[in-house]
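the sequence and its predicted three-dimensional model are supplied below.
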Amino acid sequence: MSDPRGAQGRLHPLVGVLAIAAAAVLTGATSLLAISEWAAADAAGRDEHG
């Protein structure tokens with residue numbers, strides 16, 4: 001059964017958040033906005049490609 005609640009307020013493991021932030025910075029992200037955009041684009045790519 002899937003979780004019917006939205007993603008707002010969902011908790012994420014600190015290690016995962018830091019890994020995503022580090023990967024974004026290594027690819028050129030220089031602000032929190034750029035990191036969040038990079039993470040969103042990466043998540044969209046994973047959804048499309050499995």
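Structure's in. What do you need?

phi, psi of the closest residue to T27 other than its chain neighbours?
Excluding its sequence neighbours, the residue lying closest to T27 (C-beta to C-beta, 6 or more residues apart in numbering) is W38, at 6.7 Å. Yep, even glycine has a C-beta here, placed from its N, CA and C like the rest. Dihedral pair for W38: phi -60, psi -40, per degrees, to the nearest 10.

W38 - how many residues pack around it?
W38 has 18 neighbours, counted by other C-beta atoms under 10 Å.

and if you look at the one 3 residues further on?
Neighbours of A41 under the rule other C-beta under 10 Å: 11.

need the pLDDT of it.
Confidence at A41, expressed as pLDDT, is 90.

and it, how far is that from A29?
With distances taken as C-beta to C-beta, to the nearest Å, A41 is found 11 Å from A29.

I figured the residue nearest to T27 hits S31, correct?
No. Using C-beta atoms under 8 Å, W38 is not in contact with S31, being 10.4 Å away.
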